[in-house]
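S.K.: Following is a predicted model, sequence given first.
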Amino acid sequence: GGNAPFVVTDEADLERAARAGAFGSFIHQGQVCISINRHLVHESLYDEYVDLLVDHAESLVIGDPSENEDVTFGPVQNETQRDDLVEFIDETLEAGATLETGGEADGLFVEPTVLSDCTNDMPTACNEHFGPVAPVIPFADDKEAIELANDTEYGLSASVFCEDVDRARDLADRIEAGMVHINDQPINEDHNAPFGGVKQSGLGRYHGEWIVRELTEPKWISVQGEERDYFVFE
């Protein structure tokens, strides 16, 4: 499981961050364990970021690609997933969030949904919703961003957008996740890099040498090729 935070600092390239944020929330209809679950955005950029995210969400073409080659957004996997998503959205709105776009379902097609005025304890934020839902949460400073990012039982993947790479590295070090991507979204996998999480997002890593270490037990066997002189107690 994962509950990936996407941290957008006051030093982020806003348009680049919004494009990455839309991709990380809506690709595969959000049905990826490392997709963005929460957009944590500095309060100075918050309103503009929400507007850009809405624009990206509303540009997606929903439907069946076998019937329309322009389709960029498909269905969720089954009725249970759809019902859970609609319930999460409704409960989040009841808790005080604002629906910026989306929120409806037609069959298995759940609209790309952007929610503003969210808090970390709202259903779409505190649960791994596993769907095309983007709750956007404001923060005031780096300390609050880290507190929000780490306020979850999960720790699989995360992202930080900040033009000051040293500051971004510091934030990445403080986020409790097995994988953190700077100036990118969290849906990344490299078979030569360790993949895995912390807390309730599992133990160990896989890919390359890391999975070999997980699935094998080292054993030392030595062969002495020459006769040795041993100290003998008398």
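M.R.: Done, it's in. Numbers count the residues shown, from 1 in each chain.

S.K.: C-alpha from now on. contacts and neighbour counts both.
M.R.: Noted.

S.K.: Select the longest helix from the protein.
M.R.: helix 79-94 (DSSP state H).

S.K.: and the helix or strand just after it, what other elements does it pack with?
M.R.: With elements assigned by DSSP states H and E, the helix or strand that comes after helix 79-94 is strand 98-101. Applying 3 or more Cα pairs under 8 Å, 6 or more residues apart in numbering; DSSP states H and E, one finds that strand 98-101 makes contact with helix 46-58, strand 113-116.

S.K.: starting at the chain centroid, how far to the longest helix of the chain?
M.R.: 19 Å (Cα atoms, centre = their mean, to the nearest Å).

S.K.: And for stretch 203-211?
M.R.: For stretch 203-211, the distance to the chain centre is 20 Å (Cα atoms, centre = their mean).

S.K.: which residues touch that stretch?
M.R.: Stretch 203-211 is contacted by residues Asp190, His191, Asn192, Ala193, Pro194, Phe195, Gly196, Gly197, Val212, Glu214 when judged by Cα atoms under 8 Å, 6 or more residues apart in numbering.

S.K.: Regarding that stretch, how distant is the last residue from the first?
M.R.: 11 Å (Cα to Cα, to the nearest Å).

S.K.: repeat for stretch 212-226
M.R.: 33 Å.

S.K.: Also stretch 184-195?
M.R.: 16 Å.

S.K.: if we can go back for a sec, so which of the contacts of stretch 203-211 belong to strands?
M.R.: In strands, defined here by DSSP state E, there are no members of those.

S.K.: about what we covered before: Glu226: which of the helices and strands packed on strand 98-101 is closest?
M.R.: helix 46-58 (71.4 Å; Cα to Cα).

S.K.: now for the closest one, which elements pack on it?
M.R.: Going by 3+ Cα pairs under 8 Å, 6+ apart, helix 46-58 lies up against helix 14-26, strand 98-101, strand 113-116.

S.K.: Need the pLDDT of Phe233.
M.R.: Listed pLDDT for Phe233 reads 55.

S.K.: Oops, could you answer that again for Thr113 instead?
M.R.: 98.

S.K.: Val7: what secondary structure?
M.R.: strand (DSSP: H, G, I helix; E, B strand; the rest coil).

S.K.: Tell me what it is bridged to.
M.R.: Legend: beta-bridge partners of Val7 under DSSP bridges are Leu40, Val160.

S.K.: tell me what the longest helix of the chain is packed against?
M.R.: helix 123-126.

S.K.: Distance from the helix it packs on to the middle of the chain?
M.R.: 13 Å.

S.K.: got it, and stretch 190-198?
M.R.: Averaging C-alpha coordinates over stretch 190-198 and over its chain gives two centres that are 14 Å apart (Cα atoms, centre = their mean).

S.K.: same check, this time on stretch 78-88
M.R.: 20 Å.

S.K.: what separates the closest residue to His56 other than its chain neighbours from Glu15, distance-wise?
M.R.: Setting aside the residues directly before and after it, His56 is nearest to Ala22 in space (Cα to Cα, 6 or more residues apart in numbering), at 6.3 Å. Counting by Cα to Cα, the gap from Ala22 to Glu15 is 11 Å.
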